[in-house]
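> Turn this into a structure:
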Amino acid sequence: MSLHSHYAALFADADREFGPTSAQTLSGIVGFSAGGPVSMCRLGTDDVYVTCELSLAPDQKVSKQGLRYELLSRLPLSESDTQDLLTGIGSLSLDAVLGDRHTVDVSAISPSPAIKKIRLKLFSSCDIGGVGYGIYEVCNADAV
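Below you'll find the model as predicted:
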């Protein structure tokens, strides 16, 4: 399966809810696997972003729900702050098993004093070629 087909299937629910995935990928000069920022795309016209490389990273730990996954954010952050936060959580996904309703203290890496702890919420899941994939939304666990 091509990369385009993989992400078209994985992002189908997100595209329906937020609008089409941008054709432009936001990535760094140095790739995520070499220590750079995670690649991400914008969904629709609002500040909704989804990573677009984690689910295919061979080092990513499979989630508690048995999924390889990407991260989605609609937190009130700038594009660069969103990328920094998702990079930190993406790095954690290489070392720890994460999943739905898991909370993570991000106070040391959060670009916003209002976001000290995040909660992952399973946004969508699908089967691609016999493998389970998903998208977890990164939510502010301290928001009331």
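
> Could you pull up the residues touching Lys116?
Going by C-beta atoms under 8 Å, 6 or more residues apart in numbering, Lys116 touches 105-107, 110, 142. The C-beta positions use only the backbone N, C-alpha and C, and glycine is treated the same way.

> do you know how far it is from Leu75?
According to C-beta to C-beta, to the nearest Å, Lys116 and Leu75 sit 12 Å apart.

> In the chain, what helix or strand scores lowest on average pLDDT?
helix 3-10 (a mean of 92; mean pLDDT, DSSP states H and E).

> Name the next helix or strand downstream of that one, please.
Later in the chain than helix 3-10, the nearest helix or strand by DSSP states H and E is helix 12-18.

> which residues are in contact with that following helix?
With C-beta under 8 Å, 6+ apart, helix 12-18 has contacts from 21, 43-44, 46, 48, 50, 72, 74, 123-124, 126, 135.

> rewinding a little: I'd like to know which elements the least confident helix or strand of the chain is packed against.
strand 117-128, strand 131-140 (3 or more C-beta pairs under 8 Å, 6 or more residues apart in numbering; DSSP states H and E).
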